[in-house]
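> Quick one: sequence and predicted model below, then my questions.
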Amino acid sequence: MIRKLWAEALGTALLLAVVVGSANMAHDLAGGNAALALLCNSIATGLGLYFLITILAPISGAHLNPAVSLYFAATGEIGARDAALYVAVQIPSAVAGVWLAHAMFGLDIIQISTTPRSGGGLWLSEAVSTFGLLMVIAGGLRSKAEAVPALVGAYIAAGYWFTSSSSFANPAVTIARGFTDTAAGIAPAHIAGYVIAQTIGAILAIVLLPKLFSR
């Protein structure tokens, strides 16, 4: 189990380093072109998910996301204790990944976001994107397990564009992004709305997806 937890910790930290680092680089280089910055950030995040899931899935399943761990616990793929341990390492590791990105760019390590992200459309987007992510994972595992890393990377890259929230779809990512005042940030006061929406999306997936993908 220790090896699995190390994989989840390392993978989640590196995921946030990719998300925040690429957002900061894109913001610096895009010259104010928001669409170009988002394109660069979405490509980097999609590719980062591809390589992280590919190399870590054989060790821990590469959840890197409390919503994924919750789904697999609810559907009996992993035990409740293991899921709780996964979540316990995912959240602080995500924050550590944000700090790593800050260090790489010579920014203040400790920051608090001032970026407002709140509203019904954003919350709906997070519920939809979380449900969709779990659908991609569950459906991919059933039909072609070796394609899951590419499917997840492609889905999240697309989610940056088809959702108004830019598809966080991950409570650990959401909480950690409260600790960066770069373009990737979310004001701490608005984190709860995102996490509640993501939890709703996960619960809908737990209820509906086993019926869809039953063997």
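Nice, I can see it.
> Okay, now stretch 139-153: how far is its last residue from its first?
Stretch 139-153 has its terminal residues 15 Å apart, counting by Cα to Cα, to the nearest Å.
> Would you indicate which residues of the host helix or strand of Thr12 are buried?
Using DSSP states H and E, Thr12 sits in helix 2-29. Neighbour counts over helix 2-29 (16 or more other Cβ atoms under 10 Å) mark 4-5, 7-27 as buried. All C-beta atoms are positioned from the backbone trio N, CA, C, and that covers glycine.
> Does anything pack onto it? Which helices or strands?
The contact analysis (3 or more Cβ pairs under 8 Å, 6 or more residues apart in numbering; DSSP states H and E) places helix 2-29 against helix 34-60, helix 80-104, helix 171-177.
> Looking at these, which is nearest to Val128?
helix 171-177 (14.9 Å; Cβ to Cβ).
> Against which helices or strands is the following helix or strand past that closest one packed?
The first helix or strand that comes after helix 171-177 along the chain, using DSSP H and E, is helix 191-212. The helices and strands touching helix 191-212, judged by 3+ Cβ pairs under 8 Å, 6+ apart, are helix 66-74, helix 120-143, helix 171-177.
> In a markdown table: those, plus mean neighbour count, mean pLDDT and distance to Gln111.
What follows is the helices and strands packed on helix 191-212, written out as a markdown table (neighbours: other Cβ atoms under 10 Å; pLDDT from 0 to 100; distance: least, Cβ to Cβ, whole Å):
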| stretch | mean neighbour count | mean pLDDT | distance to Gln111 |
| --- | --- | --- | --- |
| helix 66-74 | 24 | 96 | 23 |
| helix 120-143 | 20 | 95 | 21 |
| helix 171-177 | 28 | 98 | 11 |
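> Can you say which of those helices is nearest to Ala101?
helix 171-177 (9.9 Å).
> Output that closest one in PDB with nothing but the alpha carbons.
Extracted in PDB, the C-alpha atoms of helix 171-177 (Å, rounded to 0.1, in the frame of the first residue of the first chain):
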ATOM      1  CA  PRO A 171     -11.500  18.200  -5.800                       C
ATOM      2  CA  ALA A 172      -7.700  18.000  -5.100                       C
ATOM      3  CA  VAL A 173      -6.900  20.100  -8.100                       C
ATOM      4  CA  THR A 174      -9.600  22.600  -7.000                       C
ATOM      5  CA  ILE A 175      -8.300  22.900  -3.500                       C
ATOM      6  CA  ALA A 176      -4.700  23.200  -4.600                       C
ATOM      7  CA  ARG A 177      -5.500  25.900  -7.100                       C
END
